[in-house]
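>>> When you get a sec, could you give me coordinates for this:
(one chain, ligands or ions: 2)
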Amino acid sequence: MGKSFDIGLERLMGIGVPGIGETQEGGVKPPLHDAGRQDAGATGSTFYLETFGCQMNDHDSEKVAGVLLGRGYRQVETPEAAKVILYNTCSIREKAAQKVFSRLGELRPADEQHGKSSNREDTEEEHKVHRDGRALEKNHPSQRKIVNAGGGKIIGVLGCVAQQEGEGIFERAPWVSLVCGSASYRKLPQLIAELEAGNRRVTGLDTDTDETFETEITRRDNPWRAYLTIIEGCDKACSYCVVPFTRGPERSRTSASILEEVRRLAEAGYSEVQLLGQTVNSYADPSARKMRFSELLAAVAEVRGIRRVRFTTSHPRDFGKDIVEAIEAHPTICDHVHLPVQSGSTAVLRAMARTYSREEYLEKIALMKAARRPISITTDMIVGFPGETEKDFEETLTLLDEVQYDGVFAFKYSPRPNTPSLKMADAIPEEEKGRRLAILMDRQREIQRVRNERLVGETFEVLVDGKSRRESQWSGHTSSNRVVNFTSPERELLGDYVQVKVVSAMPNSLVGDMVGRE
Ligand code: 5AD
Ligand code: SF4
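Ligands and ions are numbered 1, 2, ... in the order given. Sure, this is the predicted structure:
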């Protein structure tokens with residue numbers, strides 16, 4: 001499978017967990033949604049598209065697929081079957097970036113092999129204590145066999161690694177013919193046309209654009225939840241992060257075009273929309289209407305047919321009371337906020353250039369805790385940033401206790417090219433990073449166990465998005481984005497909103513029984 005279905009992890013930049021089948025805590029995958037997978041059109045050509053990384057990348061791939069389908073291409077499930085092979089890449093951490101070179105090694109043409117073996121080692125580097133127990137099949141082992149790139153295949157590298165490595169990719173893997181960063185995607189149709197016309201190599205590497213990538217057709221993978229980019233790029237300059245280099249400066253879409261797309265999505269039957277941006281709440285309407293992010297949220301929530309509005313990822317600096325008020329005023333805005341903190345130590349936050357202190361972050365948390373309905377809070381954390389002392393790390397642990405997150409994505413610090421933190425002194429040894437990560441995850445798992453157990457006996461509305469192979473077993477998400485696995489004898493529930501009573505809880509998911517519809 002070239003692309004996972006609903007990754008279900010409510011965050012922007014991370015790496016999928018390799019398929020691990022059905023987990024103990026549920027993890028059922030809905031059937032592949034076939035809409036948009038058309039038969040070969042005018043060109044009769046086929047493409048294979050594999051995506052790494054965050055939801056922004058997932059959604060970019062939906063748009064890229066839309067562009068190709070619009071040109072008459074047909075999407076296929078294996079690189080072997082494809083004329084055009086595309087990798088949409090992630091470079092947020094080193095191991096993520098390595099993955100694409102491992103994939104490209106598998107495509108090395110026979111005359112370039114020279115006895116070199118491809119690096120088949122798959123790297124697992126995301127560590128989550130999150131309530132989504134769903135298994136992912138992004139990098140299914142069946143895909144990892146050498147596919148000889150001969151036979152006139154076109155191989156393209158898209159996304160953050162493309163932006164970061166640029167034409168250097170042609171040197172490392174001369175069998176690649178397209179390199180295009182996400183900030184240049186609006187050029188993709190033109191680049192593809194050049195390849196179709198016989199050009200050997202094409203690139204799209206500009207980042208100095210003030211345009212966003214909008215397409216006529218987006219091939220959406222999830223039949224119920226539609227992703228929608230409202231702001232691209234990032235103007236923050238966190239000292240560890242490659243995103244400002246790979247995705248370019250912030251560009252927001254006009255509120256009118258966003259609302260128009262939401263209306264079309266609702267008409268097409270989507271009941272849930274998720275607004276996306278690296279810093280989604282830094283949204284700045286470029287039109288004369290000048291809608292604030294919280295106003296946009298409210299306007300999206302009022303579109304007829306939309307039952308759930310999500311947004312990710314928020315930056316603490318731009319998170320204000322108005323967003324909490326919008327959530328309070330509109331039940332359709334989900335009661336979940338992903339607010340990455342990165343560290344509990346003000347000294348480390350300063351070194352990271354996060355632009356807030358521990359106390360200022362806690363003020364934002366207090367706004368949510370004071371809301372009229374409970375808001376579920378999740379976060380990202382980095383351990384082992386250069387110079388992070390034992391005391392700094394201890395402050396990260398006490399922040400977990402204080403905030404009581406419902407989910408945490410934790411990462412070992414990974415030095416990235418071009419970033420200011422690359423040259424910072426007092427690097428933390430890998431082993432020590434690993435030790436801190438394990439301690440953090442243990443602490444958070446216990447917090448989630450206790451928090452979830454408190455929900456036993458409560459009833460939640462669940463959007464059903466998974467059906468188990470086991471008889472009468474279903475799964476879905478609550479408004480707070482908790483995964484609920486539940487039993488129901490009904491024959492068809494996918495896409496329905498049902499009431500589920502929680503009967504037991506685990507750190508990453510709830511178990512329940514269906515007690516009603518709607
Ligand atoms: N090393 C480790 N983690 C990182 N992240 C971003 N850059 C790095 C890096 N260089 C993490 C942050 C961010 C998440 C998506 O990835 O926690 O919020
Ligand atoms: Fe990276 Fe910071 Fe921008 Fe997030 S806010 S994308 S961590 S630079």
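
>>> can you list the weak-confidence ranges in the stretch 1-150 of the chain?
Residues of the stretch 1-150 of the chain that meet the criterion pLDDT under 70 lie in 1-43, 111-150.

>>> Could you rerun that using 50?
Across the stretch 1-150 of the chain, residues meeting the criterion (pLDDT under 50) sit at 1-42, 115-126, 130-148.

>>> what's the answer for the chain, then?
In the chain (pLDDT under 50), the answer is 1-42, 115-126, 130-148.

>>> need the residues of it near ligand 1, please.
Residues of the chain lying close to ligand 1 (CB under 6 Å from any ligand atom) are 12-14, 92-93, 240-241, 340, 342, 380, 382, 411, 413-414, 416. (Each C-beta comes from the backbone N, C-alpha and C, glycine too.)

>>> what residues does the host helix or strand of residue 360 touch?
Element membership of residue 360 [criterion: DSSP states H and E] is helix 358-369. Residues lying outside helix 358-369 but in contact with it, judged by CB atoms under 8 Å, 6 or more residues apart in numbering, are 316, 319-321, 324, 337, 339, 341, 344-346, 349, 375, 377, 395, 399, 402-403.

>>> Of all pairs in the residues of the chain next to ligand 1, which one is the farthest apart?
Greatest spatial distance in those: 12 and 413, 18.1 Å, computed using CB to CB.

>>> related to what we said a few turns ago, which member of the residues of the chain next to ligand 1 is positioned nearest residue 266?
Using CB to CB, the shortest approach to residue 266 within these belongs to residue 12, at 23.7 Å.

>>> just to revisit the earlier point, counting only strands, which of the residues of the chain next to ligand 1 make the cut?
In this view, the residues of the chain next to ligand 1 that belong to strands under DSSP state E are 380, 382, 411.

>>> Number of residues surrounding the second one?
Neighbour count of residue 382, defined by other CB atoms under 10 Å: 26.

>>> how near is residue 48 to ligand 2?
Computed with CB to the nearest ligand atom, to the nearest Å, the distance linking residue 48 and ligand 2 is 28 Å.

>>> my guess is that residue is in a helix, correct?
No - applying DSSP: H, G, I helix; E, B strand; the rest coil, one finds residue 48 to be strand, outside a helix.

>>> And what about the closest residue in space to it that isn't next to it in sequence, helix, strand or coil?
Leaving out its chain neighbours, the residue that sits closest to residue 48 by CB to CB, 6 or more residues apart in numbering is residue 82, at 3.6 Å. For residue 82, the secondary structure call by three-state DSSP comes out as coil.

>>> ok, residue 82 - contacts?
So, once contact is read as CB under 8 Å, 6+ apart, residue 82 ends up touching 46, 47, 48, 76, 153.

>>> just residue 291 next, same as before
For residue 291, the residues meeting the contact criterion (CB under 8 Å, 6+ apart) are 255, 285, 299.

>>> Find the closest residue to ligand 2 in the stretch 351-500 of the chain.
Evaluated by CB to the nearest ligand atom, the stretch 351-500 of the chain has residue 354 as its residue closest to ligand 2, separated by 7.3 Å.

>>> what's around that residue, how many residues?
The local packing of residue 354 (other CB under 10 Å) involves 23 other residues.

>>> For the helix ranked longest in the chain, which helices and strands make contact with it?
Within the chain, and with DSSP state H defining each element, the longest helix by residue count is helix 430-453. Using 3 or more CB pairs under 8 Å, 6 or more residues apart in numbering; DSSP states H and E as the contact criterion, the secondary-structure elements in contact with helix 430-453 are strand 127-129, strand 376-383, helix 390-403, strand 407-412, strand 497-505.

>>> Do the second one and ligand 2 come into contact?
This points to strand 376-383. No - under the criterion of CB under 6 Å from any ligand atom, ligand 2 is not reached by strand 376-383; the shortest gap measures 8.1 Å.

>>> chain center to that strand, what's the gap?
On the basis of CA atoms, centre = their mean, to the nearest Å, the separation between the geometric centre of strand 376-383 and that of its chain is 14 Å.

>>> Grab the most central residue of the chain for me.
Most central residue of the chain, judged by C-alpha distance to the mean C-alpha position with CA atoms, centre = their mean, is residue 55 at 2.3 Å.

>>> Residue 276 is in contact with that one, correct?
Yes - with contacts counted by CB atoms under 8 Å, residue 55 reaches residue 276, the gap being 5.9 Å.

>>> What residues does this protein have near ligand 2?
Residues of the chain lying near ligand 2 (CB under 6 Å from any ligand atom): 234, 236, 237, 238, 241, 243, 244, 278, 279, 315.

>>> so which of those residues comes closest to ligand 1?
residue 241 (4.6 Å).

>>> ok, the closest one touching residue 419?
Yes - counting by CB under 8 Å, a contact exists between residue 241 and residue 419, whose distance comes to 6.3 Å.

>>> Would you mind measuring from residue 400 to residue 410?
As judged by CB to CB, to the nearest Å, residue 400 and residue 410 stand 10 Å apart.

>>> Find the residues that touch each one of those two.
Counting by CB under 8 Å, 6+ apart, the residues touching both residue 400 and residue 410 are 440, 444.

>>> Which parts of the stretch 101-250 of the chain are strands?
127-129, 154-159, 178-180, 202-204, 225-229, 231-232 (DSSP state E, counting those that start in this stretch).

>>> out of the contacts of helix 358-369, which are buried?
By the neighbour-count criterion of 16 or more other CB atoms under 10 Å, the contacts of helix 358-369 include these buried positions: 316, 319, 324, 337, 339, 341, 344-346, 349, 375, 377, 395, 399, 403.

>>> and which of those residues is nearest to residue 430?
Looking at the buried ones among the contacts of helix 358-369 and their distance to residue 430, the nearest is residue 345, at 20.3 Å (CB to CB).
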